[in-house]
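Q: Turn this into a structure:
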Amino acid sequence: EGYECEKVAIEKLKHFVSKEAFNIDGFGKKIVEKFWQLHLIKLPQDIFKIDYEKIKKLEGWGNLSVSNLQYSIENKKKISLERFIYSLGIRHIGQENAKLLARHLKSAVNFFELSTNKDIKDLQIIDGIGEIQVRSIKNFFLNKTSLRVLSELKKILTISNVEQLNENGSL
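A: Take a look at the predicted model:
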């Protein structure tokens, strides 16, 4: 589930930076693997705290490529709730389930409050979210590493709330 296993951690980081999640330009799968091996990143929050001076010293990294990477990372500190939920790589929570959860929860505050486990069972009322997804979300919030990742990301990121659609309008 978490980042304890090296292979799982690398795959979760690849998922985190993927096009459907944070979509960080210039931060692909190969970069994730290389930065992991060099101990530059171990957890998702490390991406936003990366040491650019160390990267400049790496072979193949010039000032321009480092500044482009820094620009890309800085621009991704604002993300929608659904993309954020999806980026976490919670087992059985794909893009559609992340959208359903985001629409139901409406705000990042409500999502983070799931860590208290008080409202997790209520998620089953969402059409398209079943027992398996609820169990995965519960397991995610029971994992200490996941909670630490969430806590750190909460400090770094601006997660936009879901905008309410006016269903009473004429269109």
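
Q: need the contact list for Ile93.
A: Ile85, Tyr86, Leu101, Gln133, Ser136, Ile137 (CB atoms under 8 Å, 6 or more residues apart in numbering). (Glycine included, C-beta is placed from N, CA and C.)

Q: same thing but at 10 Å, please
A: For Ile93, the contacting residues are Ile85, Tyr86, Leu100, Leu101, Ile129, Gln133, Ser136, Ile137, Phe140, by CB atoms under 10 Å, 6 or more residues apart in numbering.

Q: Determine which two of those are furthest apart.
A: Leu100 and Phe140 (15.9 Å; CB to CB).

Q: can you give me the strands in this protein?
A: 78-80, 158-160 (DSSP state E).

Q: between these, which gets nearest to Glu113?
A: Nearest to Glu113, of all those, is strand 158-160, at 13.2 Å by CB to CB.

Q: Any stretches of the protein with poor pLDDT?
A: The chain contains residues with pLDDT under 70 at 1, 117-118, 164-171.

Q: Break down it into its helices, ranges please.
A: Counting by DSSP state H, one finds helices in the chain at the ranges 6-17, 29-37, 44-47, 52-56, 63-75, 81-87, 95-105, 108-113, 131-142, 144-156.

Q: What is the last one packed up against?
A: Right, the one you point to is helix 144-156. Counting contacts by 3 or more CB pairs under 10 Å, 6 or more residues apart in numbering; DSSP states H and E, helix 144-156 is packed against helix 6-17, helix 44-47, helix 81-87, helix 108-113, helix 131-142.
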